[in-house]
Structures are given as C-alpha cells and as structure tokens.
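S.K.: Here is a sequence with its predicted model. Questions after.
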2 protein chains.
Amino acid sequence: MLDLNTKILIVGLGLIGGSYAEALTDAGYEVGAVSHKRDDIDYALYRGIISHGIAAPEGVKPDPSYIGRFDLIIFALYPKALTAWLSENQSAIKSGALLTDVTGVKCAVVYDVQNMLRSDLEFIGAHPMAGRESSGVRNATKEIFKGANYIVTPTGKNTPSAIDKCRRLGETLGFARISTLSPEEHDEMIGFLSQLTHCIAVSLMVCKDSQHLVDYTGDSFRDLTRIAKINDRMWSELFLLNKDQLLRQMDIFTDKFMQLRDAIEREDSDSIRAMMRLSTERRSYFDIKQNQPNGE
Amino acid sequence: MLDLNTKILIVGLGLIGGSYAEALTDAGYEVGAVSHKRDDIDYALYRGIISHGIAAPEGVKPDPSYIGRFDLIIFALYPKALTAWLSENQSAIKSGALLTDVTGVKCAVVYDVQNMLRSDLEFIGAHPMAGRESSGVRNATKEIFKGANYIVTPTGKNTPSAIDKCRRLGETLGFARISTLSPEEHDEMIGFLSQLTHCIAVSLMVCKDSQHLVDYTGDSFRDLTRIAKINDRMWSELFLLNKDQLLRQMDIFTDKFMQLRDAIEREDSDSIRAMMRLSTERRSYFDIKQNQPNGE
C-alpha cells in the first residue's frame, strides 16, 4: 500500500475518477477533487467519497493553493483535456509530486505529457481496464475494479520508485492483476482486445434496423453487441489517438474474416473446420487462464 | 399443453435431445429414445429422463415395432443424418404421426423432408434457440430453454393443427417466447444473428496466438469470443446448408466495418460518432425489449 499520509488529488470526477475516489477514501486516504461541475463535487462530498473538492468551470483556473497541497495527482480526464489542464496548471503542483492517469491509449498521452512536464515532477501512465455502460460520478463504484486488470506503462523517464508506487496504487484500488507494459505494447494490445472489439460491435449493431430482430436473439448476438452502447465522444477520441495501431488490428481481423468467407464460398469444409478447431483450442486456453486467481 | 397421452420419441440423444427428454418426462409424458450409443440410452434411463429407449449403432436399423409406437417424433440429429434416418425408417412410423426437428437451418431441411415424406405423415420444422458450450446428453438440462426462443417454421404443406401442436410443444419445453417464421425468414434471421456472429468470434479468436493476451483482457474480448468455442462438425454443416444467406450477411457486416475503418483512416470524427450514436440507440432499444417478459 501507499503511505497513508499521501494526499491524493483526482482531476475529473466522472465514472472512473469517482470510483478511484471511493476506493481511496475507503482505504483511508485524504482524497481531494477538481471538477468542472459544482454539482459533481457536491454529490461526491454527500456520498463521502472525497474529503474536499473544488469546482472550476471550463475556462476558469482552479485555485493554485489547493492544487499545491497534493503528493499524488490522478488525471481522470479525456486525453486532450489532460494535456490542456497540465499546461495551464502545472506551475501550481507541489515539487516532487507524482502524476498518473487513467487514459485508454498511452503513446499519444505519455510522451507528450512527459515532454511538457516540469523537471521536478514525474508522470507515469496507467490504464485501469475497468468501466461500465453508464458514465458519470453518480454511477461510480469501486466494485468495477474487482477482477479487473491494471496496467502500468513506464518509459525510460520513469524512476523505479514511481513504478513501484503506481503498482501499489493499482493494488490499493482493488485490481485483480497488475501488469507492466511499454506504451507501445499497451497500445497494440488495447487496439486488438478493446478497440477492435468495439469497432466490430458497433458495425454489427448498425447493419440492420434491429427492432424486429430482438424477439429472436439467442445469447450470441447479445454478447457481441453488449459493448455497442458506447460513449461516442470518448471512444472516437481514443480511436483517433491510436489510429495506426487500430487500423492494423482491423486489417488483421478482416484478413481472417475474409479467409473464412472464402472457405464458405468454395464449400471448403476442411478449412472452415480447421479455423473452428483453432479458435476452440485458443478460447479453451483462455478459460483456463481466466479461472486462475492470478493470471499474471 | 399437448395431450398427455401423446407418446413421444426422441431420435438422437445429444445435448438438445437429452434436454427435450428431461423437460417432456418432467411434464408427465412417456418419452422414448433412439441413439447410436447404448451408453447414452443407459445414462438417460439412469437419470430418469426417458421411460425407455433403444440403441441402434450406425448402419443398424432400429426395431420398426419400437418406432411404430409413437405419436410425436422429434429429430435431434444433424441435418444430413435426419434425412438419411427418415429414408431408412419412415416406413415404420405410425400413420398420422407428427414429426418435428431442432435443426438450426430450415430451408435446406424442411423442404427436402416434406418432399420425401409419406403422405400420411406430417413434418413441421422448429428451431429451439438454446444451447450451451458443452455437448452430449451428460450436459443435458431443461434449464437451457428458460428465457430462450422457440421458432416454428411452417410451410404451405402444414396443417393448422400441426402448427398449433408444435407451438404447444415449445411451451411445454419451457421456452420464454414462441414465434412463427417462414423457413426463408428464419434462415435470413439466423444467418445474421447467429451464424454471422459465430464467424466473427472464430475470426477474432484466430487472429493471434492469444496466450499472452489473457492477462490483459477486459470483458469485451471475452464477450466477443465466448462463442468461439464451437462444435466444428455441426457448425460447418450448418454454415454450408445456409451458405447463400450467410455470405450475404457477412457482406453486409463487412460493408459497415469498412465504412468505419475508412472514417477512422481519414480521421472523420463526425462519421465515426454518427455510427456510434446509431449503434448505441439501437442497442438501447434492444435492452428495453429484452427486459419485457414477453417480447413477442
């Protein structure tokens, strides 16, 4: 665990920021927050998931003396908002503070932030792979971290101490697995496992006016489209920030899909069955690993 | 409910045949079974899900006097095995008996069977949209029908009485919704909702050697590949029996996927977000309908 005297600031009180606030307050930390919306601060105070907080509407600089009180600052903002906030406010941050984030893409964030940062501050990227279908602080709950993965993405600029603190933050939040990847490895992995799957779900869901189809669905269509309910502002920003990797992963998938289509067209049962056996074998391995308490 | 004096024969004691047997025996019917495997009959007798049964290994004709005792015969066989069994054994069936099936494609089965059938028998197609990842009678349970859809696919050759009996069979089995579709409507719907989704899951699962990816998955990849564990013999047969429809549905999906890919490539945020908003809206409607007790 992190030193219990660590004062923690959460910038951005949405679903993820609010869930961090709950987990860290419950773990015994003093947690502050900055949000655009007075309303979200009031709600978080009412629920007791922050000790104090300030509202700074868009365009208004938050009080520098408040920002300067914290040892650990967690940015739970959209990627572009993160860099904008830092260039406005980094002068207020306490010397020696550690900064981290929750962004779903890493190369486009981590290097920019590290390059713009004051030399007496340290930023280390992290990605909590958790979420739910509804957004906003009113849906925040630390339960979303249970069983989920937390990925730390250090670069050559990070100190062993910061990497260690960031991993311990993930543990304190209650994640099941803490991993370390380079920003590049992270973005390839997330392009495949998460962004590609969301592209598939969205494409499948827009194929047909599906109202009359609802009566006939088994579990498969429901499974494949659960993530088709998507925050369009956040996800389009994340897609474009990881554009090259995402296009690469979409093309890998398209190749395999076309290979299966061609086999069906020429009625090549052997090739179809070979793909099915490979997918069955790989998915089985998946289930085995998932059931192990510590898959890492 | 069907008349409780209806004697029911299940041909093929796999997962679905066994689950029908349990549901119908529990509902108070006399249920018999024919299987290739003595072992499966013994197991079903031991579990008490059939009253009696006979084994007829591949190539061996089952006892005609046994077959002749039943009023309702349910074929829980692979499609090609169904037509083969009927041409061998239909002479033994009691005059006036009603025949139905559980096959996942309908045009390729229903018309062939109706054309080859004795004129004093009636066959009506049905598709129980239920299953589970494990196969065989040892995994059979009537629980798989709860909340699921049962589709009756009559043609011009079917009588109102047979349609009614088949719908009541679905009710007795415990399905949540009973629908009626033409074989053509069924095959288009199943090509899209079920076969296409399985093609996507298989293609996604074979993209990469995924062992090292397991540590990083969130729910989305798990959801999209749950159905990638697939019975290759059954599904390849079903794919090829519905080839034209399946290819059509694959092409509809590919068009939308490529539309999204192109929008990402040219960084057309408006188009990406428009697709996401449409998918979100359609999926939301889906959730509403699913939560209604009788969606039909």
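M.R.: On my side now, so go ahead. Numbers count the residues shown, from 1 in each chain, chains lettered A, B, ... in the order given.

S.K.: Could you check how many residues crowd around the closest residue to A:Ser269 other than its chain neighbours?
M.R.: Among residues not flanking A:Ser269 along the chain, B:Ser236 sits closest, at 5.2 Å (C-beta to C-beta, 6 or more residues apart in numbering or on different chains). For glycine as for every other residue, the C-beta is placed from the backbone atoms N, C-alpha and C. Around B:Ser236 there are 23 other residues, counting by other C-beta atoms under 10 Å in any protein chain shown.

S.K.: repeat for A:Gly59
M.R.: Number of residues near A:Gly59 (other C-beta under 10 Å) recorded here: 7.

S.K.: And it, how far from A:Trp85?
M.R.: Using C-beta to C-beta, to the nearest Å, A:Gly59 is found at 12 Å from A:Trp85.

S.K.: So what pairs up with the residue of the stretch 1-150 of chain A found nearest chain B in the strands?
M.R.: The nearest approach of the stretch 1-150 of chain A to chain B comes at A:Met129, 4.4 Å away (C-beta to the nearest C-beta). In this structure, A:Met129 bridges to A:Asn149 when assessed by DSSP bridges.

S.K.: so it touches A:Asn149, yeah?
M.R.: Yes: using C-beta atoms under 8 Å, A:Met129 is in contact with A:Asn149, at 4.4 Å.

S.K.: Now for the residue nearest to A:Ser269: which residues touch it?
M.R.: Residues in contact with B:Ser236, defined by C-beta atoms under 8 Å, 6 or more residues apart in numbering or on different chains, are A:Ser269, A:Ile272, A:Arg273, A:Met276.

S.K.: If we use 6 Å, what do you get?
M.R.: Neighbouring residues of B:Ser236 by C-beta atoms under 6 Å, 6 or more residues apart in numbering or on different chains: A:Ser269, A:Ile272, A:Arg273.

S.K.: can you check A:Phe123 too?
M.R.: A:Leu99, A:Val113, A:Gln114, A:Leu117.

S.K.: Out of those, the closest to B:Asp187 would be?
M.R.: Of all the contacts of A:Phe123, B:Asp187 sits closest to A:Val113, with 53.4 Å by C-beta to C-beta.

S.K.: Tell me how many other residues crowd A:Ile288.
M.R.: 10.

S.K.: Pipe the contacts of A:Phe123 into TSV and attach neighbour count and distance to A:Pro160 per row.
M.R.: As requested, the contacts of A:Phe123 are arranged in TSV below (neighbours: other C-beta atoms under 10 Å in any protein chain shown; distance: C-beta to C-beta, whole Å):
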residue	neighbour count	distance to A:Pro160
A:Leu99	24	17
A:Val113	23	19
A:Gln114	18	16
A:Leu117	17	18
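
S.K.: ok, back up a step: the residue of the stretch 1-150 of chain A closest to chain B touches A:Tyr150, doesn't it?
M.R.: No: A:Met129 is beyond contact range of A:Tyr150, at 7.1 Å (criterion: C-beta atoms under 6 Å).

S.K.: can you tell me which residues contact the nearest residue to A:Lys256 once chain neighbours are set aside?
M.R.: Nearest residue to A:Lys256 in three dimensions, chain neighbours excluded: B:Ser203, at 4.2 Å (C-beta to C-beta, 6+ apart). Applying C-beta under 6 Å, 6+ apart to B:Ser203 gives the contacts A:Lys256, A:Phe257, A:Leu260.

S.K.: could I get these as CSV with neighbour count, pLDDT and secondary structure?
M.R.: Shown next, in CSV, are the contacts of B:Ser203 (neighbours: other C-beta atoms under 10 Å in any protein chain shown; pLDDT from 0 to 100; DSSP: H, G, I helix; E, B strand; the rest coil):
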residue, neighbour count, pLDDT, secondary structure
A:Lys256, 20, 98, helix
A:Phe257, 22, 98, helix
A:Leu260, 23, 98, helix
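
S.K.: quick one: what helix or strand has the residue nearest to A:Lys256 in it?
M.R.: Element membership of B:Ser203, judged by DSSP states H and E, is helix B:197-205.

S.K.: between that helix and helix A:197-205, how many degrees?
M.R.: Using axes from the mean of the first three to the mean of the last three C-alpha atoms, to 10 degrees, the inter-axis angle of helix B:197-205 relative to helix A:197-205 is 160 degrees.

S.K.: average pLDDT for helix B:197-205?
M.R.: In this model, helix B:197-205 has a mean pLDDT of 97.

S.K.: can you give me the offset of that helix from its chain's centre?
M.R.: In terms of C-alpha atoms, centre = their mean, to the nearest Å, the centre of helix B:197-205 is set 19 Å apart from its chain centre.

S.K.: Next SSE downstream of it?
M.R.: helix B:219-225.

S.K.: residue ranges with poor pLDDT in chain A?
M.R.: A:210, A:218, A:289-296 (pLDDT under 70).

S.K.: in it, which spans are helices?
M.R.: Under the criterion DSSP state H, helices of chain A are mapped to A:15-26, A:38-47, A:64-67, A:79-89, A:107-116, A:160-173, A:183-190, A:197-205, A:219-225, A:232-241, A:243-265, A:269-290.

S.K.: what's the closest of those helices to B:Leu24?
M.R.: B:Leu24 sits nearest to helix A:219-225 of all those, at 23.5 Å, using C-beta to C-beta.

S.K.: tell me the contacts of the residue nearest the centre of chain A?
M.R.: Centroid check for chain A by C-alpha atoms, centre = their mean gives A:Gly104 as the closest residue, at 4.0 Å. Residues in contact with A:Gly104 (C-beta under 6 Å, 6+ apart) are A:Leu238.

S.K.: 8 Å instead?
M.R.: Contacts for A:Gly104 (C-beta under 8 Å, 6+ apart) come out as A:His127, A:Ile190, A:Ser194, A:Leu238.

S.K.: Output these as CSV; include the columns neighbour count and distance to chain B.
M.R.: Compiled in CSV, the contacts of A:Gly104 are given as follows (neighbours: other C-beta atoms under 10 Å in any protein chain shown; distance: C-beta to the nearest C-beta, whole Å):
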residue, neighbour count, distance to chain B
A:His127, 27, 9
A:Ile190, 25, 8
A:Ser194, 27, 6
A:Leu238, 21, 11
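
S.K.: Turn those residues into TSV, including distance to B:Leu13.
M.R.: Output for those, formatted as TSV (distance: C-beta to C-beta, whole Å):
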residue	distance to B:Leu13
A:His127	49
A:Ile190	45
A:Ser194	42
A:Leu238	50
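
S.K.: which one of those residues sits closest to B:Asp164?
M.R.: The closest of the contacts of A:Gly104, once distances to B:Asp164 are taken by C-beta to C-beta, is A:Ser194, at 48.5 Å.

S.K.: Which residue ranges make up each domain of chain A?
M.R.: What automatic domain parsing lists as the domains of chain A is A:7-181, A:186-290.

S.K.: could these be laid out in a markdown table, adding distance to B:Pro154?
M.R.: As requested, the domains of chain A are arranged in a markdown table below (distance: least, C-beta to C-beta, whole Å):
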| stretch | distance to B:Pro154 |
| --- | --- |
| domain A:7-181 | 39 |
| domain A:186-290 | 16 |
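
S.K.: what's the closest of those domains to B:Ile50?
M.R.: domain A:186-290 (26.2 Å).

S.K.: how long is stretch A:7-19 from one end to the other?
M.R.: End-to-end span of stretch A:7-19 (C-alpha to C-alpha, to the nearest Å): 17 Å.
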